[in-house]
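>>> give me coordinates for this.
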Amino acid sequence: MTAQEPGLPMVVPAQDLPGRVRIHEVGPRDGLQNEKTTVPTEVKAEFIRRLADAGLTTIEATSFVHPKWVPQLADAEELFPQVRDLRGVHLPVLVPNTRGLDRALALGARRLAVFASATESFAKANLNRTVEESLAVFAPVVGRAKDEGAHVRGYVSMCFGDPWEGAVPLHQVVHVCRALLDMGCDELSLGDTIGVATPGHVLELLSALNESGVPTNVIGVHFHDTYGQALANTYAALEHGVTTVDASAGGLGGCPYAKSATGNLATEDLVWMLQGLGIETGVDLGRLVATSAWMAERLGRPSPSRTLRALSHKEL
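Numbering: from 1, shown residues only. Modelled structure (predicted):
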């Protein structure tokens, strides 16, 4: 046990948890993509720089999707060159198809992501294809990206529940995850898109993936806090050995195709818990809080992050 410092949790290391966690920050992409008011490119670039200054080393910068589908990220070509030279920081970008891949590679992006679905309903709503059709689209994207020496992440949405189909059978999630790995993805991110997962469900899915040959060290988790379960689910994943956790500064984000989905797990809330457990992240909580507070001012509304609000009230 370590003495508590002002503005920081008491550190009580837990047994059998990872010693270090890599936070995959998704605020600039997943967090901002559904904002109705256009966020200026300069603000997005400054947001990314401030997150990097807070110690985050993986920051998802933008998406090279057609502007018709995600107008907020229509400035990808303008934004990425402003931040791509940040030292010691990986800047993944989302690429939906070969055209998006071409655009990203032309700007020097070498950390890429594709976005699949574990359910037919969401695949149709989000990608206008069946699950198998979408996987067929991703195969040449991932193959070419790997040929170019890029690192590829495979997002799998609706891993725990779907607003149209309800509970999602484990075998459906396992099938999509295996397909993404087999086509060459380096890591997977399991998305609780509508925030319905509970810790037992998380452990059950992780075990099913292991049994299918998917190792824990390629798995990341991406929880939404719709039912207040994001931190509990994260803890369960840590107990299983997962060391990559997605989070969004200030709790920004949701899902345009799943109306019940609220924001992503707030990075500040995650860091507070991890620091209390003695798990290293490399993140300066004070700088992170200041960054999220700064962005909340730019968006004109308070952040849903409980840690940010608690520390802001203490003026730390």
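
>>> could you give the number of residues near V95?
As a burial measure, V95 scores 28 neighbours (other CB atoms under 10 Å). Placement of C-beta: from N, CA and C, glycine included.

>>> for this structure, what spans make up the strands?
22-25, 58-59, 62-63, 93-94, 111-117, 151-157, 161-162, 166-167, 187-192, 219-223, 244-247 (DSSP state E).

>>> so which of these is nearest V131?
Closest of the strands of the chain to V131 is strand 111-117, at 6.1 Å (criterion: CB to CB).

>>> what lies in contact with that closest one?
Residues from elsewhere that reach strand 111-117, judged by CB atoms under 8 Å, 6 or more residues apart in numbering: 58, 60, 90-96, 101, 104, 123, 126-127, 131, 134-135, 138, 141-142, 145, 150-158, 176, 179-180, 185, 189.

>>> so which of the strands of the chain is nearest V39?
Taking the strands of the chain one by one with CB to CB, strand 62-63 is closest: 11.2 Å.

>>> beta partners of H151?
As for beta bridges, H151 partners with R111 under DSSP bridges.

>>> that one touches R110, doesn't it?
Yes. Between H151 and R110 there is a contact under CB atoms under 8 Å: 6.7 Å.

>>> report the central residue of the protein.
Computing the C-alpha centroid of the chain and ranking residues by CA atoms, centre = their mean puts D246 first, at 3.7 Å.

>>> grab the nearest non-local neighbour of that residue.
Ranked by CB to CB, 6 or more residues apart in numbering and with sequence neighbours excluded, the top spatial neighbour of D246 is H222, at 3.9 Å.

>>> that neighbour and E77: what is the separation?
26 Å (CB to CB, to the nearest Å).

>>> comparing those two, which residue is more hemmed in?
A direct count of neighbours by other CB under 10 Å for H222 and E77 places H222 higher, at 26 against 14.

>>> the more buried one and S189, how far apart?
5 Å.

>>> list the residues that contact both of the two?
By CB under 8 Å, 6+ apart, the residues touching both H222 and S189 are 24, 155, 246.

>>> and the helix ranked longest in the chain, how far out from the chain's middle?
The residue-count maximum for a helix in the chain (DSSP state H) belongs to helix 131-147. The gap between the average C-alpha position of helix 131-147 and the chain average comes to 20 Å, counting by CA atoms, centre = their mean, to the nearest Å.

>>> list the buried residues of that helix.
131, 134-135, 137-138, 141-142, 144-146 (16 or more other CB atoms under 10 Å).

>>> one more: stretch 287-302?
Buried, per 16+ other CB under 10 Å, within stretch 287-302: 288-293, 295-296, 299.
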